[in-house]
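Participant: Take a look and give me a structure for this.
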Amino acid sequence: MIAENKYVRFDWAVKRMLRDKANYGVLEGLITVLLGQKVTITAILESEANQDQVDDKYNRVDIKALNAAGEIILVEVQLTRQLYYLERILYGVAKTLTEHIKLGHLYNEVKKVYHISIVYFDLGQGADYLYHGQTRFIGVHTHDELQVNTKEENVIHMKTPAQVFPEYFIIRVNEFNAIAKTPIEEWLDYLKNGHIKEDTQVPGLNEAKEKLQVMTMTPAERVAYDRHLDAIMVQEDVLSTAKIEGRAEGRAEGRAEGRAEGRAEGRAEGMEETNRENARKMKSLGISADVIAKVTGLSIEEQAEL
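Facilitator: Below is the predicted model:
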């Protein structure tokens, strides 16, 4: 298979290329654009999703980094839909916080965490492609923002909760349909379409132009990358086919019954049969039972009966 774009997909780059210190500039650029301040990465830390298994393309890929201020930055790419996604983000941040403070240490060692989610699936309702959230305590009656005392270098300072609590960024790649004019829009154009302007001045994208060209890959890297693209196409086709066939069969059954119960049962039966057929296809492609279970909902036992 020949890649459509000149530049490597970002999800592949996160897993295989951006962990190299020589390539930190790409990731630093994205974070700088999002935070509105210059960010320098000092280290890339191991994370649970840094794996290299046959079906790892179906899992999220992520990077855990430290900036020059000692703050923790999590960058996560999610290709397929996952229920309770917000809850998992919260759990991931909480786990990170506990991993970076030892038992018995003072709470002033708790680090600020920035969590950046780059999602390629329909997360829910919302017209924007970029969302940002942080914790602020606002007076119910006075509408002022709470500031608390904190001691740093033997001097009492005032600090707002937003300076302590995690910040979250959610980039909904598939919702971006604009012409790239701003720095974040140029980044979205790369994340979704693989496009980078020749004259770009956006932090990180010049580095991406140099470091993430498909043509610079070794033959072995190119083979692995092409397999990754093929797997994504198969996965997207299976999911979209399941949705279309499930809806069509559900409507047909519903019309035949002529009742609301018939429509509901028709949709359920249509989706069940579609899931079974998709499971057969995925099984024939050698996709693991765990992945098939995630996509179709069929248990490993049910798959064995196919």
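Participant: Confirm residue 69 sits in a helix?
Facilitator: No: assessed with DSSP: H, G, I helix; E, B strand; the rest coil, residue 69 is coil; it does not lie in a helix.
Participant: List the contacts of it.
Facilitator: Residues in contact with residue 69 (C-beta atoms under 8 Å, 6 or more residues apart in numbering) are residue 112. Where C-beta positions appear, they are placed from N, C-alpha and C, glycine not excepted.
Participant: pLDDT wise, what is it at?
Facilitator: In the predicted model, residue 69 carries a pLDDT score of 84.
Participant: Which strand or helix spans residue 298?
Facilitator: Per DSSP states H and E: residue 298 is located in neither a helix nor a strand.
Participant: Does it touch residue 278 like I think?
Facilitator: No: contact between residue 298 and residue 278 fails when scored by C-beta atoms under 8 Å: they sit 9.0 Å apart.
Participant: Who has more neighbours out of these two?
Facilitator: residue 298 (23 against 20; other C-beta atoms under 10 Å).
Participant: Residue 294: how many residues sit nearby?
Facilitator: Residue 294: 16 neighbours (other C-beta under 10 Å).
Participant: Check the gap between it and residue 79 for me.
Facilitator: Distance, residue 294 to residue 79, by C-beta to C-beta, to the nearest Å: 12 Å.
Participant: same check, this time on residue 182
Facilitator: Distance from residue 182 to residue 79, counting by C-beta to C-beta: 25 Å.
Participant: So for these two, which sits in the more crowded spot?
Facilitator: Taking neighbours as other C-beta under 10 Å, residue 182 and residue 79 compare with residue 79 leading, 21 against 11.
Participant: Check that one and give its pLDDT.
Facilitator: 81.
Participant: Quick check on it: phi, psi?
Facilitator: Per-residue torsions, residue 79: phi -90, psi -40 (degrees, to the nearest 10).
Participant: My guess is it contacts residue 11. True?
Facilitator: Yes: applying C-beta under 8 Å as the test, residue 79 and residue 11 come out as touching, 6.2 Å apart.
Participant: if I pick residue 203, what's in contact with it?
Facilitator: By C-beta under 8 Å, 6+ apart, the contact list for residue 203 reads 28-30, 32-33, 183.
Participant: So which residues of the stretch 201-306 of the chain form helices?
Facilitator: 205-211, 219-257, 260-284, 289-296, 300-304 (DSSP state H, counting those that start in this stretch).
Participant: quick revisit: next, give me the two most distant ones among the contacts of residue 203.
Facilitator: Greatest spatial distance among those (C-beta to C-beta): 28 and 183, at 13.3 Å.
Participant: Which neighbours do residue 79 and residue 11 have in common?
Facilitator: Counting by C-beta under 8 Å, 6+ apart, the residues touching both residue 79 and residue 11 are residue 120.
Participant: Send me stretch 139-158 as CSV with only the CA atoms.
Facilitator: Below are the C-alpha coordinates for stretch 139-158, written out as CSV (Å, rounded to 0.1, in the frame of the first residue of the first chain):
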residue,chain,number,x,y,z
GLY,A,139,-17.6,32.5,44.6
VAL,A,140,-21.3,31.6,44.4
HIS,A,141,-22.4,35.1,45.6
THR,A,142,-19.3,37.3,44.9
HIS,A,143,-18.2,35.6,41.6
ASP,A,144,-14.5,36.2,42.5
GLU,A,145,-11.9,33.5,42.1
LEU,A,146,-10.5,31.8,45.2
GLN,A,147,-6.8,32.2,45.9
VAL,A,148,-5.0,30.2,48.6
ASN,A,149,-1.8,30.7,50.6
THR,A,150,1.2,28.6,49.6
LYS,A,151,4.7,28.7,50.8
GLU,A,152,7.6,28.6,48.3
GLU,A,153,11.2,29.3,49.2
ASN,A,154,10.1,30.5,52.6
VAL,A,155,7.9,33.1,51.1
ILE,A,156,4.1,33.1,51.2
HIS,A,157,2.5,33.4,47.8
MET,A,158,-1.1,33.4,46.6
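Participant: Give me the distance between it and the centre of its chain.
Facilitator: Its chain's C-alpha centre and that of stretch 139-158 lie 34 Å apart, by C-alpha atoms, centre = their mean, to the nearest Å.
Participant: pLDDT (mean, whole number) over that stretch?
Facilitator: Averaging pLDDT along stretch 139-158 gives 86.
Participant: quick one: secondary structure of the residue nearest the centre of the chain?
Facilitator: Nearest to the geometric centre of the chain sits residue 77, at 2.5 Å (C-alpha atoms, centre = their mean). Using three-state DSSP, the structure places residue 77 in strand.
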